[in-house]
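Trainee: quick one, structure for this:
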Amino acid sequence: MHGSVAAGGASALLAWFPLGLLGLATLGYLGAAGRQQRRGNGWSGWRCALFALGSLLLAVAVAPPVTAWAHHDLRGHMAQHLLIGMLAPLAWALAAPVTLTLRSLPTAAARRLVGALRSLPLRIVSHPIAALLLNVGGMALLYFTPLYAASRHSGLLHGWVHLHFLAAGYLFCWAVLAGPDASPHRLGLRLRLGVLFVSMAAHALLGKLMYGYLWPRGAGHPAEEIQAAAQLMYYGGDLAELLLAVALLWLASAARRESLLTFPPLR
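Mentor: Residues are numbered from 1 along each chain as shown. Predicted coordinates for the structure are as follows:
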């Protein structure tokens, strides 16, 4: 009995562990932003609010009640996916945590981070096309193969799936926006918009295939539940990527206005 109680306590602590990490990350970001403001370097309060919003969305997604819902209901899993892989990464990318980190680190450490950002592996995965493949390809692999069913029976695999959603979603938002944060690429607006439109089409296609062919199979979910989850992917994905498109166009417009103010046209 004592062993089962101890196991239950350890399981409960593990369930709340991601929330503790999120709290530490948010406090670290806000602390670094406060130091920048005290030094007179300035840091936007909107960026702080966006980082806190991203952390809140992630906290909702990994809270034990939502995790329990997602474990037995595909609709809950899809809601988790939208929060972890799309909405929270967008808020975090707009908060520019890489730039804040570079400003906060000592010079030597900041140079090492810049070197890592310019390294070939990161340049590859942070290209919009590569980030698109990681993002959409990961979903196709999860839902169209036995991987989803396997993740329901393995806590470790389930955790890796969530980490992939978060990392791939952040990489995609970072690669497409390429504006508010330090990035190894400076690509044209047309390319980034084109990749975003392809992503929207791919998400819509995945949702339709799930709805029509009842994927993922072999996971024990009824057809009605799978179709409801597919609709959530279809419409929720559209909303998230529409927000990303609005953010991209707004940043592009702001950058153009700033360049016109900095470099007035010759008469």
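Trainee: make it CA atoms for all contacts and neighbour counts henceforth
Mentor: Noted.
Trainee: centroid residue for this protein?
Mentor: Closest to where the C-alpha atoms of the chain average out (CA atoms, centre = their mean) is residue 89, at 2.8 Å.
Trainee: quick one: secondary structure of that one?
Mentor: helix (DSSP: H, G, I helix; E, B strand; the rest coil).
Trainee: for residue 36, see how far away residue 99 is.
Mentor: Distance, residue 99 to residue 36, by CA to CA, to the nearest Å: 12 Å.
Trainee: higher neighbour count, those two?
Mentor: Taking neighbours as other CA atoms under 10 Å, residue 99 and residue 36 compare with residue 36 leading, 17 against 14.
Trainee: I'd like the distance between that one and residue 103.
Mentor: 8 Å.
Trainee: in three-state terms, label the closest residue to residue 36 other than its chain neighbours for me.
Mentor: Counting by CA to CA, 6 or more residues apart in numbering, residue 36 lies nearest to residue 42, which is 5.7 Å off, once chain neighbours are set aside. Following three-state DSSP, residue 42 is assigned to coil.
Trainee: quick one, phi psi at residue 42?
Mentor: Dihedral pair for residue 42: phi 80, psi 140, per degrees, to the nearest 10.
Trainee: what's the answer for residue 154, then?
Mentor: Per-residue torsions, residue 154: phi -140, psi 110 (degrees, to the nearest 10).
Trainee: give me the helices and strands touching the longest helix along the chain, please.
Mentor: Ranked by residue count and defined by DSSP state H, the top helix of the chain is helix 223-262. Using 3 or more CA pairs under 8 Å, 6 or more residues apart in numbering; DSSP states H and E, the elements in contact with helix 223-262 are helix 74-82, helix 155-177, helix 189-213.
Trainee: quick one, which of those helices gets closest to residue 248.
Mentor: helix 155-177 (5.4 Å; CA to CA).
Trainee: so what's the gap between the closest one and the chain middle?
Mentor: 6 Å (CA atoms, centre = their mean, to the nearest Å).
Trainee: can you mark which positions in that helix are buried?
Mentor: Buried residues in helix 155-177, counted by 16 or more other CA atoms under 10 Å: 158, 161-162, 164-177.
Trainee: give me the buried positions along stretch 116-133.
Mentor: Neighbour counts over stretch 116-133 (16+ other CA under 10 Å) mark 117, 123, 125, 126, 127, 128, 129, 130, 131, 132, 133 as buried.
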